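In: Below are the sequence and a predicted model for it; my questions follow.
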Amino acid sequence: MNEVTLSGPHVVIVAIIVLWLGKAINNRVSLLDRYSIPLAVSGGFICSLLVLIVDIRGGPSIRFDMQLRDTLLLIFFSTIGISAKFARLMAGGRALVVLVVCAVFFLVLQNVTGVGLALWFDAHPGLGLFAGSVSLAGGHGTAIAWGQEAAAAGIEGAAEVGILFATFGLIAGGIVGGPFAEYLIRRNRLSPAKSDEAASAAAQRPILSVNTDGTLLERALDVLFVLALCVVLGDLVNRFLFERDFKVPGFLTAMLVGIALTNLADRLQRPLRQEDFDGVGQVSLQLFLAMSLMSMDLSILSDGLTRVMLVLGIQILVMALFAEYVVFRVMGGDYDAAVIAGGFCGLGMGATPVAIANMNAITLKHGPSFKAFLVIPLVGAFFIDISNALIVKFFLSLPLLSPG
């Protein structure tokens, strides 16, 4: 069978089509718009389904080169960093600590649920971890990595189970998170903080418009220069840390450089115009999400569908209850907490891009939440992976889960 790999501008063109398709679907299906299903989820799922159909019908196997997608993620998080003034970061510090603690408890609960369900189905209890945090919170990469270790330890089929749940979880996280946050906002009649509303009003001004402070070209070049600095310096910082066995995601270091640059500019009394970066960040985010979701491999979803859906349904229920009665409440019970809870659903069932998609769909509809876009990516990019690895190792050390 022939394989076709799309890269560069072709991937961008498909991503744009996916977003327009998602917009058309959401506009026609009022339920999707009402419950804030992200455009990238609606269009991306249809694209993945079409790719699968072409493959099944004997056509070429279509693959996407995601190198450009990763660059878009760096650009988006650079714009998030540029919006992070130290005063606002201090305000979000406690929220970050609280959310990390919530995430640790949830990972344990997710694995207890998965192991319990594995025992119920008379399967090896170790496989329950792959119906838990290994795949749902960890994603495909984590599932594959731990699957190899589990296979070496004698737990058969762990990688296949992990990939299956990681794929279903990715879809479920995108479908559930938006409606869940929408439910919290409507039930509690929540709205953004006034400071974030003011920032949103500034962001609604025309991007890079001409004014007396500079021409369109000059301001565009300033934005490109600053974003290039964030990406390049972030990569240098990442390489420096990697050489010292301290691994962090590339977009996290790009965001940290953005934070440093915007606050340095403030100290030099040459503040960066936030509105000049907001439009670039939104375009980068939407293209990134479209590329991520249109490249899902749906061909692995056919095996063990009944059991997978039952386990997944129970895990979704556990996640929703935890997000409403723990995350939403300990984060303050306000609008930011509702957006964070929706993002947490994406983290718990899918991955950081799904969490961002959920929050983006809600904030575009109801208003901005700086705190949510600060703490959720930090937890998803760094803390949850470290916590997940330690928790999985602990569970595997238990006599019940050891191969035998």
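Out: Good, I have the coordinates. Numbers count the residues shown, from 1 in each chain.

In: Kindly list the main-chain dihedrals of Leu6?
Out: Its backbone dihedrals place Leu6 at phi -90, psi 140, with angles given as degrees, to the nearest 10.

In: correction: Arg63
Out: Taking degrees, to the nearest 10, you get phi -130, psi 150 for the backbone angles of Arg63.

In: so who does it touch?
Out: With contact taken as CB atoms under 8 Å, 6 or more residues apart in numbering, Arg63 is in contact with Glu3, Val4, Thr5, Leu6, Ser295. For the C-beta atoms, the positions are set from N, CA and C on the backbone; glycine is no exception.

In: what helix or strand does Leu62 sit in?
Out: For residue 62 the amino acid is Ile, not Leu. Per DSSP states H and E: Ile62 is located in strand 61-64.

In: Give me the contact list for the helix or strand that that strand is followed by.
Out: Under the assignment DSSP H and E, the closest C-terminal helix or strand after strand 61-64 is helix 67-82. Contacts made with helix 67-82 from outside it, assessed by CB under 8 Å, 6+ apart, are listed as 7-8, 11-12, 226-227, 230-231, 234, 250-252, 254-262, 272, 274, 277-278, 280-281, 284-285, 287-288, 291-292, 353, 373-374, 377.

In: try 6 Å this time
Out: Residues from elsewhere that reach helix 67-82, judged by CB atoms under 6 Å, 6 or more residues apart in numbering: 11, 227, 230-231, 251, 254-255, 258-259, 262, 272, 277, 281, 284-285, 287-288, 291, 373.

In: and the helix or strand just after it, average pLDDT?
Out: Proceeding N to C from helix 67-82, the next assigned helix or strand is helix 86-120, under DSSP H and E. When pLDDT is averaged over helix 86-120, the result is 85.

In: Go ahead and name everything in contact with the helix or strand that comes right after helix 86-120.
Out: Taking DSSP H and E as the definition, the helix or strand that follows helix 86-120 towards the C-terminus is helix 127-130. Residues from elsewhere that reach helix 127-130, judged by CB under 6 Å, 6+ apart: Asn111, Gly114, Val115, Ala118, Ala158, Val161, Gly162, Val392, Phe395.

In: again, 7 Å this time
Out: 111, 114-118, 143, 155, 158, 161-162, 165, 392, 395 (CB atoms under 7 Å, 6 or more residues apart in numbering).

In: need the contact list for Val97.
Out: When contacts are counted by CB under 7 Å, 6+ apart, Val97 touches no other residue.
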